[in-house]
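Trainee: curious how this folds, go ahead:
(one chain, ligands or ions: 1)
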Amino acid sequence: MARNPFELKGKTVFVAGHTGMVGGALTRRLQPEDVELLTVKRSEVDLRDQSAVNRWFAEKRPQVVYLAAAKVGGIGANNRLRGEFIYDNLIIATNIIHAAHVNGAEKLMFLGSSCIYPKLAPQPIREDALLTGELEPTNEPYAIAKIAGIKMVEAYRSQYGSDFINVMPTNLYGAGDNYHPEYSHVVAALIRRFHEAKVAGASEVVVWGTGTPRREFLYVDDLADACIHLMKNYSSHELVNIGTGEDITIADFARVVAAVVGYTGKISFDRSKPDGTPRKLMDVDRLAKLGWRACTKLEGGILLAYQAFLREHV
Ligand code: GDP
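Mentor: Residues are numbered from 1 along each chain as shown. From the prediction side, this is the model:
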């Protein structure tokens, strides 16, 4: 344990979940690192299938694993697809963490989420807030699965001395996001809705909830950069939050997205939709002490995300 700095160069690196937004950003960021990148399509190996995962790991024996595969979605998906969210995320985490251990991976990074922290955790949220209070009900199944993954990483580290680490990204956005109208996260949802309203010449766009919850948003390529940095420079059992350390109300955020997209009509709020947790701002002191800070500002990042949306979906 605690083999720092950890050398990535020349290693076989498995990015689990490479077709997702986070996995995509990781594979882009790994290009200049001179690694042998390993990825696998769902049609070849379903990560929920333990035998298939075990066979693949036994054959490829990746030296480094980024566990970025997960069933993810916004408040609508988390709240409705509760069974899928707990089952898929539990089984993907257990299959990959165990296979990495059995097949001698030198290092593994498990990506959690800011929603693992209690709904009413003191803000900004420090890593030691984990398991100190009740979770936010809308995403409890997802959070419980992620907490199980975190605890598995800690347990393998403790029992077997595995160099496995846990990082907790805040709300993410960027290229490769999912723009599903009901199931996406707020950034993708609003980019799409404001764009469609602009194109249609609509005079009103509806934003879910009261507009008062506060959220922190991290550009996904910044997250990938932090993950490479931490893989090289961090080895301990404690979680590391990854965020910007700044948050914004959903109402103000909607105005930022509208301005970037060029929508000038009215913004209204649908109070019948859930707000979710009132605030989840990460304390990023530990990350800063480890030598990393986010560099993409919100407006600039939203512009990049909008350009990606236009490329990918229009
Ligand atoms: P959360 O951070 O887990 O709650 O994830 P989301 O990104 O889905 O939602 C963040 C906040 O944005 C919540 O308060 C939502 O109610 C609010 N929100 C406003 N409009 C939308 C929308 O169209 N889609 C989603 N997913 N959230 C929205």
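Trainee: enumerate the residues of this protein near the ligand.
Mentor: 74-76, 115, 139, 171, 184-186, 189, 207-209, 213, 215, 250, 273-276 (C-beta under 6 Å from any ligand atom). (C-beta placed from N, C-alpha, C; glycine too.)
Trainee: narrow those residues to those in strands?
Mentor: Among the residues of the chain next to the ligand, the members found in strands (DSSP state E) are Asn171, Val207, Trp208, Arg215.
Trainee: ok, now which ones touch the third one?
Mentor: Okay, so that is Trp208. Shown in contact with Trp208 (C-beta atoms under 8 Å, 6 or more residues apart in numbering): Ile75, Val186, Ala189, Phe269, Asp270, Lys273, Pro274.
Trainee: show me which of these are buried.
Mentor: Among these, those classed as buried by 16 or more other C-beta atoms under 10 Å are Ile75, Val186, Ala189, Phe269, Pro274.
Trainee: returning to what we had before: spatially, which two of the ones in strands among the residues of the chain next to the ligand are the most separated?
Mentor: Asn171 and Val207 (15.3 Å; C-beta to C-beta).
Trainee: and which of the buried ones among the contacts of Trp208 is nearest Leu290?
Mentor: Each of these was scored against Leu290 by C-beta to C-beta, and Val186 proved nearest at 28.4 Å.
Trainee: didn't that closest one look like it was pressed against Arg215?
Mentor: Yes: under the criterion of C-beta atoms under 8 Å, Val186 makes contact with Arg215 at 7.0 Å.
Trainee: identify the contacts common to these two.
Mentor: With C-beta under 8 Å, 6+ apart as the test, Val186 and Arg215 both reach Asn171, Ile250, Phe253.
Trainee: most surrounded residue in these?
Mentor: Neighbour tally across the shared contacts of Val186 and Arg215 (other C-beta atoms under 10 Å): the maximum, 22 neighbours, falls on Phe253.
Trainee: how about that residue, nearest residue that isn't a chain neighbour?
Mentor: Arg215 (6.9 Å; C-beta to C-beta, 6 or more residues apart in numbering).
Trainee: count of neighbours near the one you found?
Mentor: Neighbours of Arg215 (other C-beta under 10 Å): 20.
Trainee: now Ile97
Mentor: Ile97, neighbours per other C-beta under 10 Å, totals 23.
Trainee: just the helices in the stretch 1-150 of the chain please.
Mentor: Along the stretch 1-150 of the chain, counting by DSSP state H, counting those that start in this stretch, helices occupy 21-30, 50-60, 75-80, 82-102, 140-160.
Trainee: closest to Leu120 out of those?
Mentor: The nearest among those, by C-beta to C-beta, is helix 140-160 at 13.8 Å.
Trainee: quick one: strands adjacent to whichever helix or strand comes after that closest one?
Mentor: Scanning forward in sequence from helix 140-160 by DSSP states H and E, the next helix or strand is strand 164-169. If you go by DSSP bridges, strand 164-169 pairs up with strand 107-111 (parallel), strand 240-242 (parallel).
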